[in-house]
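Novice: need the 3D shape of this:
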Amino acid sequence: MNILIANDDGVFAPGIQALARALKPLGRVVIVAPESERSGYSSALTLDRPLRPIQIAQDVWAVNGTPADCVYLSMNGMFDFEFDLVVSGINSGANLGDDVLYSGTVGAAFEGRLMKQPAIAVSLAGPNVRAYNSPDDYAQAAQWVYTFISQGLPSLPERHILNINIPDVEHIQGAQVTYQGRRSQSKPITTQVDPRGRQVFWIGLSGEAVTDPVKGDMQIQSDFFAVANGFVSITPIQMDATNYEILDSLKLQFNQKDF
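Specialist: Here you go, the predicted model:
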């Protein structure tokens, strides 16, 4: 198996090193990741300048671009072989609920959405994760990913990926299939005046998780609930954001208007 690993924390991030180390028994593991942190870039592609992949070690490449750039290049001619699986992560911090709209980790995984096997975005969720600087801090999460893949990935519809959040706890309680939760409105922006007298702004912190009820006949919980209770959250997400449930009613509303 040929496995492509990308991330948005940069090619030297401890999470990606731990993941590559854990997955090597499964086959050839190739890292193609941004040369520096590119968090919050979602699925952005670089269209205004050339990209220059630089090999920094065997099967390790740094790219002067976004997470999605890295996967796009890797799957469209950068190598003379094809990949069987794309794994993005391990991200330093959670990607839960509305976070997936902005996440470069999820964006990289979405670039692998057309593969025969579902691409995977993996994040380590916990209040202290961003202070971790050693691959050993991600070893338990990386081992969980190895076990998950080695036991056989579930089948998904086309253009779907799995968004996985692993709680940073001593003992993981298990895994739950979850739906994507949601957050309340983001915190207000912060404004300051820089030393040259110019007003600058900081984006506000994310809003709090909204407590949603269970959904479906199987009583499925949100990704926020699972992680908060020590479970790995496994959420299938898709590229097609169309709300098919309201298509017909919306069309009827527009048919009644005269544009």
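
Novice: where do the strands sit along the stretch 101-250 of the chain?
Specialist: Per DSSP state E, counting those that start in this stretch, the stretch 101-250 of the chain carries strands over the ranges 119-125, 160-167, 174-177, 190-193, 199-202, 231-238.

Novice: hmm, who's touching the fourth one?
Specialist: Residues outside strand 190-193 that contact it (Cβ atoms under 8 Å, 6 or more residues apart in numbering): Gln199, Val200, Phe201, Trp202, Gly204. No exception for glycine: its C-beta is placed from N, CA and C like everyone else's.

Novice: 6 Å instead, please
Specialist: With contacts defined as Cβ atoms under 6 Å, 6 or more residues apart in numbering, strand 190-193 is touched by Gln199, Val200, Phe201, Trp202.

Novice: and the last one, how many neighbours?
Specialist: Right, the one you point to is Trp202. 9 (other Cβ atoms under 10 Å).

Novice: quick one: it and Ser42, what's the gap?
Specialist: Trp202 sits 19 Å away from Ser42, going by Cβ to Cβ, to the nearest Å.

Novice: same thing with Leu153?
Specialist: In this view, Leu153 and Ser42 are 24 Å apart by Cβ to Cβ.

Novice: of the two, who's got more company?
Specialist: Taking other Cβ under 10 Å, Leu153 and Ser42 do not tie; Ser42 has more neighbours (20 against 15).

Novice: so what's the closest residue to that one other than its chain neighbours up against?
Specialist: Spatial nearest neighbour of Ser42, excluding adjacent residues (Cβ to Cβ, 6 or more residues apart in numbering): Gly107 at 4.5 Å. Contacts for Gly107 were tallied using Cβ under 6 Å, 6+ apart; they are Ser42, Ser43, Pro67, Ala68.

Novice: again, 10 Å this time
Specialist: 6, 8, 38, 40-45, 66-69, 71, 88, 100-101, 121 (Cβ atoms under 10 Å, 6 or more residues apart in numbering).

Novice: what's the ChimeraX syntax to select whichever of those are buried?
Specialist: Buried residues among these (16 or more other Cβ atoms under 10 Å), as a ChimeraX selection:
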select :6,8,38,41,42,43,66,67,68,69,71,88,100,121
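
Novice: so which of the contacts of Gly107 sit within strands?
Specialist: Counted as lying in strands by DSSP state E, out of those, are Ala6, Ser88, Ala121.

Novice: and the residue nearest to Ser42, how far from Asn95?
Specialist: According to Cβ to Cβ, Gly107 and Asn95 sit 10 Å apart.

Novice: that older thread, make JSON lines out of the ones in strands among the contacts of Gly107 and add pLDDT and distance to Ala175.
Specialist: Converted to JSON lines, these look like this (pLDDT from 0 to 100; distance: Cβ to Cβ, whole Å):
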{"residue": "Ala6", "pLDDT": "98", "distance to Ala175": "23"}
{"residue": "Ser88", "pLDDT": "98", "distance to Ala175": "18"}
{"residue": "Ala121", "pLDDT": "98", "distance to Ala175": "15"}
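
Novice: a markdown table for those residues, including distance to Met239?
Specialist: Shown next, in a markdown table, are the ones in strands among the contacts of Gly107 (distance: Cβ to Cβ, whole Å):
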| residue | distance to Met239 |
| --- | --- |
| Ala6 | 17 |
| Ser88 | 15 |
| Ala121 | 13 |
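
Novice: please report how far Ala241 lies from Asp194.
Specialist: For Ala241, the distance to Asp194 - Cβ to Cβ - is 38 Å.
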